[in-house]
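[1] no sequence on this one, just coordinates:
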């Protein structure tokens, strides 16, 4: 029987893992430049905590571990929940705003498909303590800078921004009662056909149906302002305008625009919401986020505003590979020491001990002939080969071969240790 990795998971071989680490390093670097501090949470949490955020909407996606005693535990499906719990544990003692990021592995029990797997990595950026549009603008700007660090431009990506207060205020203003159900339908608008979308609006009256379709076609906030809006919608309109104005001041105007259909279907979102897409529309959302001002209180903490976003590694890898921007990595070592026999091998071990203080160094551990050692050194992309033969051992020197140029030079043994 040939064993395979679990469906929806991935094996990362050396070059693949190195490319991923390059991407992760860029993510972390950008977050740190904005003053965000890295944190880490356990892979598992109590199931009651994992389901408290959105109940049945995510409960079926949780990998639940075997129940022991009275403990019901599951693997995390995102980082917002664990980081919110961590914030609550020290809520009274840490200075606000709290600006954290984490980059780790998640698990969701769902059918694997293009851009979605059961196990994946995710960068999560969170701000606790600010209810101001400046916080929303900052996390969106950070997200854009992360994508730019990969080589993406305004011609490649677009971040669509909306405000839940604006959307919910408009919908309640026209008499919609099943608000959460409608928001979930609107959130799926770009993922289904127009006919499917209209079919799913069954909870609306004929008049509401027309008003909702007309509203979702308005992409100009000045036109939205001409509508009859209740107080909640007016506040949401003012907020989204402020966020867009701040992003313009940050030089991000060409990366963002208002889109009334962005809803982020989960019930805990409260204000600014946003998603990033490729301009060509070939992929599902690259990243998403928004404000969730009620979650800390929902979990039992003191009421605290919060906002943030997350970007998974699955879709961004597909997109960057399509664009030719996925890192091309070529692993190797600085020095390979080729030897002839036991005596020269022992001398090679002495040199390797010194050189490994500063470089990556390999020796042959297969007792191969000299020619095969050179072939191996070439196959692992060794930058230079240090040759120790009988003559070198007798003269107390070595031959160093540059594998790129093919040039060779004699170097005294003592000088090699000082390289």
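    Thanks, I have it. These figures come from a predicted structure and were not determined experimentally.
[2] can you pull the contacts of residue 362?
    333, 335-337, 377, 380, 382 (Cβ atoms under 8 Å, 6 or more residues apart in numbering). Heads up, the C-betas are built off the backbone N, CA and C, glycines and all.
[3] now with 6 Å?
    Residue 362 is in contact with 333, 336, counting by Cβ atoms under 6 Å, 6 or more residues apart in numbering.
[4] any idea how far it is from residue 376?
    Distance of residue 362 to residue 376, computed by Cβ to Cβ, to the nearest Å: 9 Å.
[5] likewise for residue 336?
    Using Cβ to Cβ, one obtains 8 Å as the distance from residue 336 to residue 376.
[6] out of the two, which sits in the more crowded spot?
    Taking neighbours as other Cβ atoms under 10 Å, residue 336 and residue 376 compare with residue 336 leading, 28 against 16.
[7] pLDDT weak spots in the chain?
    The chain contains residues with pLDDT under 70 at 53-58, 265.
[8] domain ranges for it, per the record?
    According to automatic domain parsing, the chain is divided into the following domains: 14-323, 335-416.
[9] overlap in contacts of residue 362 and residue 376?
    Contact with both residue 362 and residue 376 is made by no residue, according to Cβ under 6 Å, 6+ apart.
[10] report the secondary structure state of residue 106.
    Secondary structure, DSSP: H, G, I helix; E, B strand; the rest coil: residue 106 is strand.
[11] rewinding a little: closest to residue 2 out of the domains of the chain?
    domain 14-323 (19.5 Å; Cβ to Cβ).
[12] packing partners of whichever strand or helix holds residue 136?
    Using DSSP states H and E, residue 136 sits within helix 133-149. With contacts defined as 3 or more Cβ pairs under 6 Å, 6 or more residues apart in numbering; DSSP states H and E, the packing partners of helix 133-149 are helix 14-33, helix 231-249, strand 306-312.
[13] put together TSV for these, with distance to residue 392 and mean neighbour count on each row.
    As requested, these are arranged in TSV below (distance: least, Cβ to Cβ, whole Å; neighbours: other Cβ atoms under 10 Å):
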stretch	distance to residue 392	mean neighbour count
helix 14-33	31	16
helix 231-249	64	18
strand 306-312	53	24
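[14] let me know the angle separating the helix holding residue 136 from helix 14-33.
    With axes from the mean of the first three to the mean of the last three Cα atoms, to 10 degrees applied, the angle from helix 133-149 to helix 14-33 works out at 150 degrees.
[15] how far off centre is helix 133-149?
    Here the centre of helix 133-149 is set off from its chain's centre by 13 Å, with Cα atoms, centre = their mean, to the nearest Å.
[16] so which bits of it are buried?
    Within helix 133-149, the residues scored as buried using 16 or more other Cβ atoms under 10 Å are 133, 135-148.
[17] against residue 19, how distant is the closest residue to residue 22 other than its chain neighbours?
    Once flanking residues are discounted, residue 22 sits nearest to residue 327: 4.2 Å by Cβ to Cβ, 6 or more residues apart in numbering. Using Cβ to Cβ, residue 327 is found at 4 Å from residue 19.
[18] likewise residue 106?
    Where residue 19 is concerned, residue 106 sits at a distance of 20 Å (Cβ to Cβ).
[19] again with residue 337
    From residue 337 to residue 19 the distance is 28 Å (Cβ to Cβ).
[20] over to residue 214?
    Residue 214 sits 46 Å away from residue 19, taking Cβ to Cβ as the criterion.
[21] what does residue 68 give?
    Applying Cβ to Cβ to residue 68 and residue 19 gives a distance of 38 Å.
[22] and if you look at residue 153?
    21 Å.
[23] those strands in the stretch 151-300 of the chain, which residues are they?
    157-163, 256-258, 272-278, 287-291 (DSSP state E, counting those that start in this stretch).
[24] now the last one: buried residues?
    Buried residues in strand 287-291, defined by neighbour count with 16+ other Cβ under 10 Å: 287-291.
[25] the helices in the stretch 51-200 of the chain, which residues?
    56-59, 80-89, 133-149, 164-173, 179-187, 194-199 (DSSP state H, counting those that start in this stretch).
[26] closest to residue 320 out of these?
    helix 133-149 (9.6 Å).
[27] so what touches the closest one?
    By Cβ under 6 Å, 6+ apart, helix 133-149 touches 26-27, 30, 34, 125, 127, 157, 239, 242-243, 246-247, 250, 252, 255, 272, 274, 287, 307-309.
[28] redo that, cut-off 8 Å
    Contacts of helix 133-149 (Cβ under 8 Å, 6+ apart): 26-27, 29-31, 33-34, 36, 97, 123, 125, 127, 157, 159, 161, 239, 242-243, 246-247, 250, 252, 255-256, 271-272, 274, 276, 286-287, 289, 291, 305, 307-309, 311.
[29] between strand 272-278 and it, find me the angle.
    10 degrees.
[30] and the angle for helix 133-149 with helix 231-249?
    Going by the same axes, to 10 degrees, helix 133-149 makes 50 degrees with helix 231-249.
[31] residue 34 and residue 99 touch, don't they?
    Yes. At 7.4 Å, residue 34 counts as touching residue 99 under the criterion of Cβ atoms under 8 Å.
[32] more neighbours: which of the two?
    Between residue 34 and residue 99, counted using other Cβ under 10 Å, the more crowded position is residue 99 (21 against 16).
[33] hey, what's that one bridged with?
    residue 127 (DSSP bridges).
[34] that one contacts residue 33, correct?
    No. In terms of Cβ under 8 Å, residue 99 does not count as a neighbour of residue 33; the distance is 11.8 Å.
[35] circling back to that earlier point, so which of the helices of the stretch 51-200 of the chain gets nearest residue 410?
    Per Cβ to Cβ, nearest to residue 410 of the helices of the stretch 51-200 of the chain: helix 133-149, 44.5 Å.
[36] circling back: can I get the strands of the stretch 151-300 of the chain in JSON lines with distance to residue 387?
    Output for the strands of the stretch 151-300 of the chain, formatted as JSON lines (distance: least, Cβ to Cβ, whole Å):
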{"stretch": "strand 157-163", "distance to residue 387": "51"}
{"stretch": "strand 256-258", "distance to residue 387": "58"}
{"stretch": "strand 272-278", "distance to residue 387": "51"}
{"stretch": "strand 287-291", "distance to residue 387": "51"}
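[37] nearest to residue 116, of the ones you listed?
    strand 287-291 (13.2 Å).
[38] which other helices and strands contact that closest one?
    With contacts taken as 3 or more Cβ pairs under 8 Å, 6 or more residues apart in numbering; DSSP states H and E, strand 287-291 sits against helix 133-149, strand 272-278, strand 306-312.
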